[in-house]
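S.K.: The following block contains a protein sequence and its predicted model.
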Amino acid sequence: MPNDRLVIRRPDDWHVHLRDGAMLKAVLPFTARQFGRAIVMPNLKPPVATAADAVAYRERILAALPDGVDFTPLMTAYLTDGADADDLAQGFKDGVFAAAKLYPANATTNSAHGVTDIARIAPVLERMAEIGMPLLIHGEVTDQSVDIFDREAVFIDTILAPLMERHKTLRVVLEHVTTADAVQFVRAHAASGRIGATITAHHLLINRSHIFQGGIRPHLYCLPIAKRETHRVALVEAAISGEGPFFLGTDTAPHTVTAKEAACGCAGCFTAANALELYAEAFDEAGALDRLEAFASLNGPRFYNLPVSEERVALERRPSVAPDLILVSEGDAVLPFRSGETLRWSYAGAV
Ligand SMILES: NC(=O)N[C@@H](CC(=O)O)C(=O)O
Ligand SMILES: [Zn+2]
Ligand SMILES: [Zn+2]
């Protein structure tokens, strides 16, 4: 039964939120269990803005790793209006920073210190282009008069396209893409080799109607918000295409149940507890299990100029149940995506 067991190079996760403190301790084992490396988002409070911040945060991550687990956190710089090009460049040269992250101010969770106007950081972007440091982008406009379902497409037209024109050698990753528009934009620039896009498992599995199925489901609310079904289909088609610019980034974004189930609930889906099972389900559904390795384990390292993993992991087609609440501290827990539901695939670990 060759299709019931899939062995692939150990994947990496090119977009994770590991948080800090008790939350870091609670969620890190899940990411480190499946992924060899991960691009760690810098949206802590306060943000990870300098190379010194990133060195200290990396130490805290390594200290929180369970014994014997092999996992490499790849650190990112949170760009602010006052970003220091020299510090970023030095951090990149020293191997502290793998990339820098652009959050338009107030676009998403912990982005209040983000960039208020992209023009303000033009010299920083120029420097990044010169040294080949990738710019990772939360691609949504923050203008509240733009419909929430249109914010990614409008960002691409009004900010990203001109940005790539102005900085002709800047390498860019459009994070957690959610629209056919994004897929089309990435493809249009693919030949330049300077664009990548991460795709989450949840955006391959849900559309916007799922958020309102039988009532409001706060655990399916994330940013960018899931779009209509035609967009989900476009994302699946991009993920399974094998094309170089599309790679795995879970955007696993833990929030406590209290913060999610609130009158104004936080954005983010926690998918680290069964990320590979979820991706396998989406690829299997599309009849494209043979393309999972390119998406999960090959395209990302190539974009980031890192070696592909020589380790192998296995996935098996046998049911697994998504875990129940994960305790963070007394009275606080995180609810995994699809908690309690049966998934068709199981993660079988290293082979
Ligand atoms: N994706 C989310 O909905 N939330 C992320 C932030 C982000 O990646 O935009 C978070 O940090 O909680
Ligand atoms: Zn984001
Ligand atoms: Zn994110």
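M.R.: Ah, there it is. Ligands and ions are numbered 1, 2, ... in the order given.
S.K.: only C-alpha atoms for contact and neighbour calcs from this point on.
M.R.: Noted.
S.K.: looking at it, residue 47 is touching residue 78, isn't it?
M.R.: Yes: look at residue 47 against residue 78 with CA atoms under 8 Å: they come within range, at 6.3 Å.
S.K.: Comparing the two, which residue is more hemmed in?
M.R.: The neighbour comparison of residue 47 against residue 78 (other CA atoms under 10 Å) goes to residue 78, with 27 against 20.
S.K.: Identify the spatial nearest neighbour of residue 250, chain neighbours not counted.
M.R.: With CA to CA, 6 or more residues apart in numbering as the criterion, residue 250 has its nearest non-adjacent residue at 4.3 Å, and that residue is residue 200.
S.K.: And for residue 5?
M.R.: Closest to residue 5 by CA to CA, 6+ apart is residue 316, at 4.5 Å.
S.K.: before we move on, what about residue 181?
M.R.: The spatial neighbour of residue 181 that comes closest, neighbours along the chain excluded (CA to CA, 6+ apart), is residue 153 at 6.0 Å.
S.K.: Any idea how many residues pack against that neighbour?
M.R.: Using other CA under 10 Å, residue 153 is surrounded by 21 other residues.
S.K.: Specify the local secondary structure of it.
M.R.: What DSSP: H, G, I helix; E, B strand; the rest coil gives for residue 153 is helix.
S.K.: Now do the contacts for it.
M.R.: By CA atoms under 8 Å, 6 or more residues apart in numbering, the contact set of residue 153 is 140, 179, 181, 182.
S.K.: Just the pLDDT for the nearest residue to residue 297 once chain neighbours are set aside.
M.R.: Nearest non-adjacent residue to residue 297, counting by CA to CA, 6+ apart: residue 11, 4.2 Å away. Looking at residue 11, its pLDDT reads 98.
S.K.: Might you report the residue contacts of residue 11?
M.R.: The contact partners of residue 11, by CA under 8 Å, 6+ apart, come to 34, 35, 36, 37, 293, 296, 297, 298, 309.
S.K.: out of those, which are buried?
M.R.: The neighbour-count test (16 or more other CA atoms under 10 Å) marks 34, 35, 36, 37, 293, 296, 297, 298, 309 as buried among the contacts of residue 11.
S.K.: can you list these in a markdown table and add distance to ligand 1, secondary structure and pLDDT?
M.R.: Listed next are those as a markdown table, based on distance: CA to the nearest ligand atom, whole Å; DSSP: H, G, I helix; E, B strand; the rest coil; pLDDT from 0 to 100:
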| residue | distance to ligand 1 | secondary structure | pLDDT |
| --- | --- | --- | --- |
| 34 | 20 | helix | 98 |
| 35 | 18 | coil | 98 |
| 36 | 20 | coil | 98 |
| 37 | 18 | strand | 99 |
| 293 | 24 | helix | 98 |
| 296 | 19 | helix | 99 |
| 297 | 21 | helix | 99 |
| 298 | 23 | helix | 98 |
| 309 | 25 | coil | 98 |
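S.K.: nearest residue to the residue positioned nearest the centre of the chain other than its sequence neighbours?
M.R.: With distances taken as CA atoms, centre = their mean, residue 15 lies nearest the centre of the chain, 2.7 Å away. In this structure, residue 15 finds its nearest non-sequential neighbour in residue 249, 4.5 Å apart by CA to CA, 6+ apart.
S.K.: again with residue 43
M.R.: Nearest non-adjacent residue to residue 43 (CA to CA, 6+ apart): residue 110, at 5.6 Å.
S.K.: and the one you found, which of the three is it?
M.R.: Residue 110 falls in the coil class when you classify it by three-state DSSP.
S.K.: residue contacts, it?
M.R.: 43, 44, 45.
S.K.: pLDDT value on the first one, please?
M.R.: The predicted structure scores residue 43 at 98 on the pLDDT scale.
S.K.: burial of it, as a residue count?
M.R.: 25.
S.K.: That one against residue 111, yeah?
M.R.: Yes: between residue 43 and residue 111 a contact is recorded at 6.8 Å, counting by CA under 8 Å.
S.K.: what residues does the stretch 251-351 of the chain put near ligand 1?
M.R.: 251, 253, 267, 268 (CA under 6 Å from any ligand atom).
S.K.: Looking at the residues you listed, which is nearest residue 60?
M.R.: Checking these against residue 60 with CA to CA, the nearest one is residue 253 at 18.1 Å.
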